[in-house]
Every structure is written in structure tokens, then in C-alpha cells.
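Asker: mind looking at a prediction? Sequence and model below.
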Amino acid sequence: MEHLSLLQLNEHIGETLKKGLETSYWIIAEIGEMRVTQKGHCYLEMVEKEDEQIRAKMRATIWSFTYRNLSVWFHRFTGKELQSGIKILFNATVQFHEVYGISLNIKDIDAQFTLGERAKKRNETVAKLVEDGVYDMNKELHLPIAPQHIAVISSQTAAGYGDFLNQLTDNNYHYKFHIRLFEALMQGDQAEASLIKAIHQVFEQIDNFDLLVIIRGGGASLDLDCFDSYELNSHIAQFPIPVITGIGHERDETIADEVAHTKMKTPTAVAEFLISGLRDFEDKLDLQFERMSQYASVFMQDASYTLERLGHELHRNTDNLLHYNDKILGQLGHKLTFAVNSYLDHEEDRLERTKEYITTQPAKILIKETERLSQLDHNIKILDPHNVLRRGYTITTSGGILMKNIRDLKNGAELVTSDLEKTIVSQVKSIKPKKND
């Protein structure tokens with residue numbers, strides 16, 4: 001059996017690759033990692049992903065002379081530096097080294113493809129937002145009539161934030177705005193997470209604000225990629241108060257601009273929008289005050305005419321009422337005089353009858369009561385126990401109690417029977433019911 005050393009095997013692989021591969025290939029891949037040495041050489045790790053999972057990976061190199069030309073041209077065309085996370089279309093040769101293995105040597109990059117991929121990704125994000133039913137949610141909110149309490153997400157050191165703040169603070173109408181800054185990174189790999197965190201912080205104090213403003217200055221188109229991400233724009237679209245954006249220069253438009261309630265081109269334009277909103281509100285107030293003044297003037301004039309007319313009517317009606325009441329009072333006076341005289345005559349007759357009654361009635365009552373007392377005295381004498389005994393009756397008691405009904409007696413009871421001369425004491429031996437004849 002023939003044996004090969006590892007070096008021999010690798011040399012064999014190298015020769016086989018040279019014979020079987022094309023001179024170069026145009027390849028689509030994402031820059032996973034990237035490092036530029038002091039000598040200007042660029043070392044990369046190119047990856048291919050599916051659902052954020054790496055399906056393929058290979059080392060790549062751009063030698064210093066080529067890298068200087070490609071990086072300058074790529075930045076000039078796209079407005080962004082070559083960096084991790086960018087998908088590129090590049091031309092490369094396949095190389096195999098006995099020690100370092102297989103790698104790619106990048107010769108050229110198609111910057112137009114990167115811009116096209118960015119547009120494709122934006123379209124996919126918009127489609128998902130529409131499919132989820134959140135794309136227009138923030139736009140459907142009502143903009144406050146006079147918003148003055150503003151939450152701002154930006155970088156404190158950004159020139160755009162400074163311009164925005166100066167514009168609001170030094171406005172010609174001296175309107176007062178209450179601004180609260182929630183700092184966030186506005187570009188770079190960490191920008192999306194930083195912006196979402198700031199949105200959450202605003203939400204925790206949502207009752208303190210009328211609007212949320214997201215602003216940054218201009219920059220390269222690819223620097224705005226974080227504002228095209230699905231997660232960030234899903235948060236913006238579903239935010240419960242209106243969101244106003246001022247991201248980038250006149251030529252830039254992000255998905256964040258599309259899902260926000262109102263988009264302005266620059267931070268300064270956002271400030272002007274807020275000031276003009278208060279100015280419109282003040283103009284409407286002035287118009288309403290003017291209308292109220294005109295209405296009040298017309299109302300006062302009409303009221304003056306009405307009061308004057310009512311004064312004449314009151315004077316006339318008062319004279320008529322006084323005349324009528326004088327007539328009524330005269331009639332009532334006659335009726336009252338007649339009624340008083342009739343009442344006095346009636347009471348005088350009643351007093352005479354009362355006087356006669358008082359004079360004669362006591363004597364009659366005295367005679368009647370005397371006769372009644374005599375009758376009572378006679379009845380008392382008849383019912384006196386001694387008089388009853390004199391008529392031949394006896395009185396029986398039991399235990400000192402006058403016997404009225406023998407039903408209360410029991411065997412063995414002692415009875416005391418008295419007449420005018422004697423007292424008989426007896427004992428009950430038996431009690432028998434009375435037989436009916």
C-alpha cells in the first residue's frame with residue numbers, strides 16, 4: 001500500500017484544485033469578521049447564513065494594495081466603510097496553502113450589489129410590517145393640538161440634536177418646550193439595541209410626553225441601516241404616542257420614516273414643524289378670540305335693544321298691574337268690611353247665648369247631681385253587709401276570702417259562715433255536682 005505524508009497530500013490537493021478550478025469566481029457572502037493589519041492587509045471571514053444560522057464559512061484576504069483601492073472606491077460609491085455584517089458580491093481566486101489550508105483572495109467588489117441587497121432587505125422588512133398589521137398603526141394616532149412635552153431619542157453629542165435644541169429654545173415666538181433626552185447610539189452594530197432600549201425608557205414614562213422625536217444628523221446611507229431593521233420599526237409603528245423622525249439629509253429615507261406618524265428630513269425641520277404647530281394653534285386661538293369678541297359685541301347690542309324693549313314693557317305692565325290691583329284691593333276692602341261686620345254680629349249673638357247658658361246651667365247641674373248622690377247613698381245602704389244579714393242572709397268565707405263560686409273549693413277546705421248573731425266553722429268533706437231536675 002502506498003503511503004503519503006500530510007504535506008504530500010496537501011500538495012496533491014493544491015495541484016488538483018489548480019487544475020479543476022476556474023481562475024476566479026464571483027461569490028456572494030457576508031463579512032462575518034474583518035481585521036486590517038498595520039501593513040494594510042485585510043483579513044476576513046466570509047460566511048453564508050440561513051435564518052441567522054451559519055451554513056458556510058471561509059477565510060479571505062485582500063492584500064494591502066488592492067484593499068486601499070477597493071475600500072476607497074466602496075466608500076465613495078456606497079457612503080459606508082467595508083465592515084462586518086455587510087453582504088457583498090466579490091471576485092476572488094481560490095487558494096490552497098499546505099499550512100493554512102483553503103482561502104479566498106479577493107480581487108474586486110461589486111458595490112452596486114451591496115446597495116441592491118440593502119434595498120431588497122428594506123422591502124422584505126416593509127412587507128413583514130404590513131403582514132403583521134403594524135405598518136400604519138402610528139400614523140393612525142391623532143397628533144396633539146399643541147405638543148410641548150417632547151421625548152427625544154438621539155445622541156447628546158450629535159450635531160443634529162444640538163441644532164434641534166437650539167431651534168426650539170431660541171424660537172421667535174418664545175414658545176416653551178419641555179424636552180427630555182433619552183440617549184442612544186445612532187449608528188453602528190449596537191445602534192438597534194440601543195434605540196429599542198431608549199424607546200422602552202420613554203414608554204415607562206409615557207404619560208409625561210405628547211410626542212416622541214427620533215433625530216440624528218446626516219451620514220452615509222449604510223450608516224442608517226439600523227433604522228431599516230424590523231425589530232426597531234415594529235416598536236416605532238406600535239408606539240402609543242405619535243413618533244416624528246428627522247433622520248439624515250434630504251436624500252435619505254428609512255423605514256423608520258415610513259412607519260412614523262410624521263417624517264421630516266432633518267432635525268431642524270422637526271423643530272420647525274413643532275414650532276409651526278404651536279403657531280397654527282395660536283393663530284386658531286386668535287381667530288377664535290376675534291370671533292368671540294365679534295359675537296360678544298353683537299350679543300351685547302342685541303341684549304341692549306332687548307333690555308330697552310323689556311324696560312318699556314315692564315313700565316307699561318307695571319302701570320296696568322298697579323291699576324288692576326288697586327281695583328282688586330278696593331273690592332277686597334268692601335268684602336272684608338262686610339265680612340268683619342257679619343262676623344262681629346254672629347259672635348255677639350253667640351256670646352249672649354253663652355252668657356245665658358252660664359247663668360242658668362249651674363243651678364240645673366247642681367240639682368241633678370244632688371239627686372244622683374242621694375240615689376247612690378240609698379244603694380250603698382241597701383248593699384251594706386249588715387243590712388244584708390238583717391234580711392236573713394249569711395256570709396261565707398274560706399281563708400278570709402269571700403266565697404262567690406264553690407267551683408274554687410277543694411276537699412278539706414275550711415268554711416266560715418256568719419249571720420248577725422253567730423259564726424259557724426265547717427270543713428268540706430265532699431263536692432258533688434248538682435243534678436238537673
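Answerer: It's in.
Asker: how near is Lys410 to Leu82?
Answerer: Per CB to CB, to the nearest Å, Lys410 is found 135 Å from Leu82. In short, each C-beta sits where N, CA and C put it, glycine included.
Asker: check which helices and strands the lengthiest helix in the chain sits against.
Answerer: Longest helix in the chain, counting residues (DSSP state H): helix 267-383. For helix 267-383, the packing partners by 3 or more CB pairs under 8 Å, 6 or more residues apart in numbering; DSSP states H and E come out as helix 159-169, strand 211-216, strand 243-247, strand 262-264.
Asker: next, format these as CSV and append mean pLDDT and mean neighbour count.
Answerer: Below are the helices and strands packed on helix 267-383 laid out as CSV (pLDDT from 0 to 100; neighbours: other CB atoms under 10 Å):
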stretch, mean pLDDT, mean neighbour count
helix 159-169, 90, 18
strand 211-216, 95, 27
strand 243-247, 93, 27
strand 262-264, 93, 19
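Asker: quick one on the thing from earlier: after the longest helix of the chain, which helix or strand is next? Please name it.
Answerer: Using DSSP states H and E, the next helix or strand after helix 267-383 towards the C-terminus is helix 385-390.
Asker: centre of the chain to that following helix, how far?
Answerer: 104 Å (CA atoms, centre = their mean, to the nearest Å).
Asker: packing partners of the strand or helix carrying Glu258?
Answerer: Using DSSP H and E, Glu258 sits in helix 255-259. The contact analysis (3+ CB pairs under 8 Å, 6+ apart) places helix 255-259 against helix 111-131, helix 230-237, strand 243-247.
Asker: poorly predicted segments of the stretch 101-250 of the chain, please.
Answerer: Where the stretch 101-250 of the chain drops to pLDDT under 70, the residues are 218-223, 248-250.
Asker: how does it look with 80?
Answerer: Scanning the stretch 101-250 of the chain for pLDDT under 80 picks out the ranges 114-120, 188-189, 217-225, 248-250.
Asker: between Lys410 and Leu82, which has more neighbouring residues?
Answerer: Leu82 (22 against 8; other CB atoms under 10 Å).
Asker: got the phi and psi for the more buried one?
Answerer: phi -60, psi 130 (degrees, to the nearest 10).
Asker: care to break this protein down by domain?
Answerer: With automatic domain parsing as the criterion, the domains of the chain are listed as 6-122, 135-280, 392-427.
Asker: can I get those domains in CSV including distance to Ala296?
Answerer: Converted to CSV, these look like this (distance: least, CB to CB, whole Å):
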stretch, distance to Ala296
domain 6-122, 57
domain 135-280, 24
domain 392-427, 102
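Asker: of those domains, which stretch is the most buried?
Answerer: Of all the domains of the chain, domain 135-280 carries the top mean neighbour count, a mean of 18, counting by mean count of other CB atoms under 10 Å.
Asker: got a markdown table for the helices and strands packed on helix 255-259, with distance to Lys327 too?
Answerer: As requested, the helices and strands packed on helix 255-259 are exported to a markdown table (distance: least, CB to CB, whole Å):
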| stretch | distance to Lys327 |
| --- | --- |
| helix 111-131 | 88 |
| helix 230-237 | 84 |
| strand 243-247 | 80 |
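Asker: those: which one's closest to His12?
Answerer: Among the helices and strands packed on helix 255-259, the nearest to His12 by CB to CB is helix 111-131 (35.6 Å).
Asker: chain center to that closest one, what's the gap?
Answerer: The answer for helix 111-131 is 38 Å, by CA atoms, centre = their mean.
Asker: what does stretch 35-42 give?
Answerer: Counting by CA atoms, centre = their mean, stretch 35-42 comes out at 58 Å from the chain centroid.
Asker: distance between the ends of that stretch?
Answerer: Counting by CA to CA, to the nearest Å, you get 6 Å between the two ends of stretch 35-42.
Asker: who touches that stretch?
Answerer: With CB atoms under 8 Å, 6 or more residues apart in numbering as the test, stretch 35-42 has contacts from 34, 43-44, 61-65, 67-68, 71, 82.
Asker: quick one on the thing from earlier: do you know which of the domains of the chain lies nearest Glu290?
Answerer: That would be domain 135-280 among the domains of the chain, by CB to CB, at 15.5 Å.
Asker: so which of the helices and strands packed on helix 255-259 is nearest Glu140?
Answerer: Closest among the helices and strands packed on helix 255-259, using CB to CB: helix 230-237, at 10.1 Å.
Asker: run through who's touching the closest one.
Answerer: For helix 230-237, the external contacting residues (CB under 8 Å, 6+ apart) are 125, 128-129, 132, 134-138, 192, 195-196, 199, 214, 226-227, 243, 255-256, 258-260.
Asker: over to stretch 388-398?
Answerer: Residues contacting stretch 388-398 (CB under 8 Å, 6+ apart): 385, 402-403, 408-409, 413-420.
Asker: try it again with 10 Å
Answerer: Stretch 388-398 has contacts (CB atoms under 10 Å, 6 or more residues apart in numbering) with 382, 384-385, 387, 402-404, 406, 408-410, 413-424, 426, 428.
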